[in-house]
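Q: fold the following.
(chains A, B and C)
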Amino acid sequence: VRYDTVTFLSDYGRADEFVGVVHSVLRNFAPDARVIDLSHDIEPHDVRGAGLMLARAAPQLAPGVVLGVVDPGVGTDRRGVAIEIGDGSSVLVGPDNGLFAHVVAMCGGPDRVVSLTNEDFHLDSTSSTFDGRDVFAPVAAHLCQGVDLEEFGEVVDPGTMLPGTMPILTNEDHDLLAEVLWVDRFGNAQLNMASTDLDPTTDTFGLVIKGRTRTVGLAGTFGDVAPGKVGLITDAHGLLALVIQRGSAAEELELRTGSEVRISPLDKSTGSPVGPTKVTLGPSVNRPGGDR
Amino acid sequence: VRYDTVTFLSDYGRADEFVGVVHSVLRNFAPDARVIDLSHDIEPHDVRGAGLMLARAAPQLAPGVVLGVVDPGVGTDRRGVAIEIGDGSSVLVGPDNGLFAHVVAMCGGPDRVVSLTNEDFHLDSTSSTFDGRDVFAPVAAHLCQGVDLEEFGEVVDPGTMLPGTMPILTNEDHDLLAEVLWVDRFGNAQLNMASTDLDPTTDTFGLVIKGRTRTVGLAGTFGDVAPGKVGLITDAHGLLALVIQRGSAAEELELRTGSEVRISPLDKSTGSPVGPTKVTLGPSVNRPGGDR
Amino acid sequence: VRYDTVTFLSDYGRADEFVGVVHSVLRNFAPDARVIDLSHDIEPHDVRGAGLMLARAAPQLAPGVVLGVVDPGVGTDRRGVAIEIGDGSSVLVGPDNGLFAHVVAMCGGPDRVVSLTNEDFHLDSTSSTFDGRDVFAPVAAHLCQGVDLEEFGEVVDPGTMLPGTMPILTNEDHDLLAEVLWVDRFGNAQLNMASTDLDPTTDTFGLVIKGRTRTVGLAGTFGDVAPGKVGLITDAHGLLALVIQRGSAAEELELRTGSEVRISPLDKSTGSPVGPTKVTLGPSVNRPGGDR
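A: Predicted coordinates:
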């Protein structure tokens, strides 16, 4: 046994039997592998959302095989791939559509990539609609059992894989133009920025959402945000999130994935916009006022 | 250990603790068995939907015990049964209400059937509302541990088990009258027919749903269906499904389980209905024009 | 290996990756432990609902570690605790907010309690928003691996733990004033009372909900309730539940968790309220008329 854990992510939902059938195939071909369901409630075909989820989870994932099936192109000529990373500690298996781009980059880039063309390792099926069952799960299982990556198909140039997409933080005058990456179950809204992107001379910011302005404070934890108030805290993944203690910031602010948020540094005592800041030019191109 | 996998299907949902409690009982009595959740989001009391799900999953299910609990008759005098199939390779455990009829037929019929009347293998409980916990799970666990089928109760005549129900494909003139068996998460609508039921002289069909007619083409895969168009493809279970590439056919066509669909063969070039076809009489009673 | 099962309950939902990430942490630190998901669909921050769920499941739970994360106070100064019960057969790990109070009481009270202050057993994280991942899961895993409870922090007085809350059944004249504890997926509405709390001289009761009165009968099982009628039966946890055979009593009666229900004993033959009953004074303070 080469790998003993398969981490499985999909947009299959749990109402149909797709997830259970993939578990069954894994059980049949790799009986000793443990399967961890990361989530199967990715919005149908939301490749970006799934890629961000994998990136958030990456630091804790058990070494082994990652089976990711969010595959709007199933039944077209999009490639299936297996991507070895971390000096062979893990292999990512799924469609070549950008799903794994962020996690591969976080883990130091790909070691080897193969295109899953060897049908000896696929289930016999006349169907081309359920590659999770017919292609990706049996490949994942055989990887667990010790079959070498290059048995599954021809080695391909990693540079030919589809990239992932990520919204870029930009600045305009003193303001940061951020975007909501993710709204979690509790209504916390993660932004595409870290606290280090904020003006370091203040902890008070104007927040402009759909033309409406609020004042928010940068806080250490949920407990530092006054009850009923919106705060900015560093979340469990090192990014800033808009939160309300024991409430839903996304509901209060009408935010969803992709919503735009403008953040303006305010003077702590007066509440008025701060003038041009005198921060040293650093490596971050996104620091507000950094180009002055 | 006789069986090491329990495949578990129910209409318990995941919001309550029912599924977890059944897992706990299995863990207590069969500590080495692995449990695969097929789905627990069957609509409450939808025995037919659960039976069709089991049939779709059957070819991939790991040998072992199948625990199926969709049981609108719990607390009445309906029987609980254990059904041995495949020369003892698997045993199906649950209520005798037709839930297992399709999968038993697919697997060559029942070897032995017992009625679960021996309370020595049930949990002590004054309740009669949670047989998944009190009867079916402990029986499944003891089957894994090697207890013989006939220990659980008296052998019964398989012919006394309740049958499953399945809508029959019919024909009227040149048309096929089909029914939607299942709408999956992606909005693909599976019909109760295969491509071999279609008129083989054309690949263009008129689709009549609630009085409205559309033209659809028979396609090989999702990729062969033009963007935005509805196509007919053979799905992952060998049946025809109405699909839209990267979209929901069920939403577009307002289909749900049980919806009626009329399919008329059209002339490929003219788009007008084809005349009486001259197909050879074959074993399928449902082939259009087969009785001419 | 000291414990080989972790039973995991949370309000994380399954749409985000929280549950999968906790499984990954458990897999990394306690590779041989089996994880049973009790439910993750507790309403966000519903500590009482989660506590009642644990209490309902307690009799079947596999011995081992129970990881319970419903934690509206994460990021505040609320304590994390590990509570040993059952002479060390199980340890409950999670926030000190009353979540475990009912199950601890059912299991004979706590043996030892520690506050989880030893950060050697926590994940390195600058975040204070995901203690399930950073604190509770690694502690649960290390408990499985045999680390002694007192390694995780200082022993604390069990009497300082937050209590759970439970609505009390009260009586008024001949009537019982009950409350709906839980509505399950099938619409059965569990009350905070047992059949032994009812007037034993009749099996017919008036049910007053939001000012509207119905007559209901005490029944043995679902099968004893006439089709379409509401009945009172003893549910799988020994409490009374309002049910409809193959239907949703909660929907029919517009009940939800916390709804008030007044129950009046009626004369079986006349249907009119019974006079002062002559039951013997017993230990139950809630028996109607018990104080006459």
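
Q: gap between the closest residue to chain C within the stretch 1-150 of chain A and residue C:93?
A: Proximity of the stretch 1-150 of chain A to chain C (CB to the nearest CB) peaks at residue A:38, 3.6 Å away. C-beta: built from backbone N, CA, C; applies to glycine. According to CB to CB, to the nearest Å, residue A:38 stands 22 Å off from residue C:93.

Q: and if you look at residue A:253?
A: For residue A:253, the distance to residue C:93 equals 34 Å [CB to CB].

Q: can you give me the end-to-end span of stretch A:91-111?
A: 10 Å (CA to CA, to the nearest Å).

Q: what does the average pLDDT come to for it?
A: The average pLDDT within stretch A:91-111 is 96.

Q: any idea how far it is from the middle of the chain?
A: Centre-to-centre, stretch A:91-111 and its host chain are 11 Å apart (CA atoms, centre = their mean, to the nearest Å).

Q: that stretch near chain B at all?
A: No: Stretch A:91-111 does not reach chain B (CB under 8 Å from any CB of the partner chain); its nearest approach is 11.8 Å.

Q: does the closest residue to the residue of the stretch 1-150 of chain A closest to chain C other than its chain neighbours sit in a helix, a strand or a coil?
A: Counting by CB to CB, 6 or more residues apart in numbering or on different chains, residue A:38 lies nearest to residue C:20, which is 3.6 Å off, once chain neighbours are set aside. Look at residue C:20: counting by DSSP: H, G, I helix; E, B strand; the rest coil, its state is helix.

Q: if we can go back for a sec, ok, residue A:253 and residue C:93, which is more surrounded?
A: Remark: of residue A:253 and residue C:93, residue C:93 carries more neighbours, 28 against 22, as counted by other CB atoms under 10 Å in any protein chain shown.

Q: show me the contacts for that one.
A: By CB atoms under 8 Å, 6 or more residues apart in numbering or on different chains, the contact set of residue C:93 is C:65-68, C:80-83, C:116, C:136, C:139-140, C:143.

Q: and those as JSON lines, adding pLDDT and distance to residue B:219?
A: Shown next, in JSON lines, are the contacts of residue C:93 (pLDDT from 0 to 100; distance: CB to CB, whole Å):
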{"residue": "C:65", "pLDDT": "98", "distance to residue B:219": "52"}
{"residue": "C:66", "pLDDT": "98", "distance to residue B:219": "51"}
{"residue": "C:67", "pLDDT": "98", "distance to residue B:219": "48"}
{"residue": "C:68", "pLDDT": "98", "distance to residue B:219": "50"}
{"residue": "C:80", "pLDDT": "98", "distance to residue B:219": "56"}
{"residue": "C:81", "pLDDT": "98", "distance to residue B:219": "59"}
{"residue": "C:82", "pLDDT": "98", "distance to residue B:219": "58"}
{"residue": "C:83", "pLDDT": "98", "distance to residue B:219": "60"}
{"residue": "C:116", "pLDDT": "98", "distance to residue B:219": "58"}
{"residue": "C:136", "pLDDT": "98", "distance to residue B:219": "50"}
{"residue": "C:139", "pLDDT": "98", "distance to residue B:219": "54"}
{"residue": "C:140", "pLDDT": "98", "distance to residue B:219": "50"}
{"residue": "C:143", "pLDDT": "98", "distance to residue B:219": "55"}
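
Q: from those residues, pick the one nearest chain B.
A: Nearest to chain B among these, counting by CB to the nearest CB, is residue C:66 at 10.7 Å.

Q: does that closest one touch residue C:54 like I think?
A: Yes: taking contacts as CB atoms under 8 Å, residue C:66 lies within contact range of residue C:54: 7.2 Å.

Q: can you pull the residues that touch both of those two?
A: With CB under 8 Å, 6+ apart as the test, residue C:66 and residue C:54 both reach C:9, C:100, C:103.

Q: check contacts around residue A:198.
A: By CB under 8 Å, 6+ apart, the contact list for residue A:198 reads A:176, A:205, A:218, A:232, A:240, A:263, A:265, A:288.

Q: if any of those residues are buried, put those into a PyMOL selection.
A: Buried residues among the contacts of residue A:198 (16 or more other CB atoms under 10 Å in any protein chain shown), as a PyMOL selection:
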select buried, chain A and resi 176+205+218+232+240+263+265+288
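
Q: any chance of the contacts of residue A:198 in JSON lines, with pLDDT and secondary structure too?
A: Formatted as JSON lines, the contacts of residue A:198 follow (pLDDT from 0 to 100; DSSP: H, G, I helix; E, B strand; the rest coil):
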{"residue": "A:176", "pLDDT": "96", "secondary structure": "strand"}
{"residue": "A:205", "pLDDT": "95", "secondary structure": "strand"}
{"residue": "A:218", "pLDDT": "95", "secondary structure": "strand"}
{"residue": "A:232", "pLDDT": "96", "secondary structure": "strand"}
{"residue": "A:240", "pLDDT": "96", "secondary structure": "strand"}
{"residue": "A:263", "pLDDT": "96", "secondary structure": "strand"}
{"residue": "A:265", "pLDDT": "93", "secondary structure": "strand"}
{"residue": "A:288", "pLDDT": "36", "secondary structure": "coil"}
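
Q: for residue A:125, what are its contacts?
A: With contacts defined as CB under 8 Å, 6+ apart, the neighbours of residue A:125 are A:133, A:134, B:236.

Q: quick check, the second one in contact with residue A:121.
A: No: counting by CB under 8 Å, residue A:134 does not reach residue A:121; the two are 10.4 Å apart.

Q: the more surrounded of these two?
A: Neighbours per residue (other CB under 10 Å) separate residue A:134 from residue A:121, with residue A:134 holding more: 22 against 18.

Q: so the more buried one versus chain B, what's the distance?
A: Separation of residue A:134 from chain B (CB to the nearest CB, to the nearest Å): 7 Å.

Q: in the stretch 151-292 of chain A, which spans are helices?
A: A:249-253 (DSSP state H, counting those that start in this stretch).

Q: count the neighbours of the closest residue to residue A:106 other than its chain neighbours for me.
A: Nearest residue to residue A:106 in three dimensions, chain neighbours excluded: residue A:58, at 5.3 Å (CB to CB, 6+ apart). Using other CB under 10 Å, residue A:58 has 19 neighbouring residues.

Q: that older thread, near chain B, list only the ones from the contacts of residue C:93.
A: Near chain B, judged by CB under 8 Å from any CB, there are no entries from these.

Q: can you redo the residues you listed as CSV with distance to residue C:196?
A: Shown next, in CSV, are these (distance: CB to CB, whole Å):
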residue, distance to residue C:196
C:65, 34
C:66, 29
C:67, 34
C:68, 30
C:80, 38
C:81, 34
C:82, 36
C:83, 30
C:116, 40
C:136, 38
C:139, 40
C:140, 37
C:143, 38
